[in-house]
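**Student:** sequence isn't available, so here's the structure alone:
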């Protein structure tokens, strides 16, 4: 989570551009789900910093880590993952007890929690839907770090149910064949409108324009 410490960087400007585009797509969106084909394409990085840039615009935002198999949100925040979404879904911990506050005033986070043996069942359960509806009442926007849809199918349901589904590709990392996954989802009518972010684009300091990338 770096946008609040580098508000004038190309990264922050790119994310502000994405925030503007989101308003054009659906200004009343309550849920934004972010996924990718495989781990390592930067979906958690995008989810963290997009949630941060939304919170900096005076929106009350909560980011939930729904990648119950390989959670990373807590690592990006330097937080513990002793209890989180998985524990709240099965009811062993109260929802309020797993909400973590961040250094950004309007941004809260729920980590993934204990890694369960049945992540798909938890994600597709009525208990999760109840938690999500509760969070939508409390917050302006719920950002979801979803499982990679190229590996598991439960991430597709999360994307299709969200107001704004976002798919992340990583420049010079993602395989061209991954793009076929988006076409497949569209052809099967599993997701009506999907949005794409290209992560890790190399941008020269002497060039002007929007991109989504980061350089030293």
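**Tutor:** Cool, the structure landed. Remember, predicted model here, so these are calculated numbers, not experimental data.
**Student:** which residues does residue 35 bridge with?
**Tutor:** With DSSP bridges applied, residue 35 shows beta-bridge pairing to residue 167.
**Student:** that one against residue 153, yeah?
**Tutor:** No - using CB atoms under 8 Å, residue 35 is not in contact with residue 153; the gap is 11.5 Å. All C-beta spots, glycine's among them, are computed from the backbone N, C-alpha and C.
**Student:** more crowded one of the two?
**Tutor:** residue 35 (28 against 12; other CB atoms under 10 Å).
**Student:** residue 63 belongs to a strand?
**Tutor:** Yes - assigned with DSSP: H, G, I helix; E, B strand; the rest coil, residue 63 falls within a strand.
**Student:** ok, it to residue 176 distance?
**Tutor:** Per CB to CB, to the nearest Å, residue 63 is found 30 Å from residue 176.
**Student:** all helices of the chain, in order?
**Tutor:** 10-25, 43-55, 73-77, 85-90, 119-123, 126-138, 154-161, 179-187 (DSSP state H).
**Student:** circling back: between residue 63 and residue 176, who's got more neighbours?
**Tutor:** Set residue 63 next to residue 176 and count neighbours by other CB under 10 Å: residue 63 wins out with 32 against 7.
**Student:** tell me who's in contact with residue 35.
**Tutor:** Contact analysis of residue 35 by CB atoms under 8 Å, 6 or more residues apart in numbering lists 43, 146, 147, 148, 149, 155, 158, 159, 165, 166, 167, 168.
**Student:** ok, it to residue 165 distance?
**Tutor:** Distance from residue 35 to residue 165, by CB to CB: 7 Å.
**Student:** who touches both of those two?
**Tutor:** By CB under 8 Å, 6+ apart, residue 35 and residue 165 have these common neighbours: residue 159.
**Student:** tell me the one among the contacts of residue 35 nearest to residue 24.
**Tutor:** For the contacts of residue 35, the residue nearest residue 24 by CB to CB is residue 166; the value is 14.0 Å.
**Student:** show me what contacts the closest one?
**Tutor:** 32, 33, 34, 35, 46, 194, 195, 196, 197.
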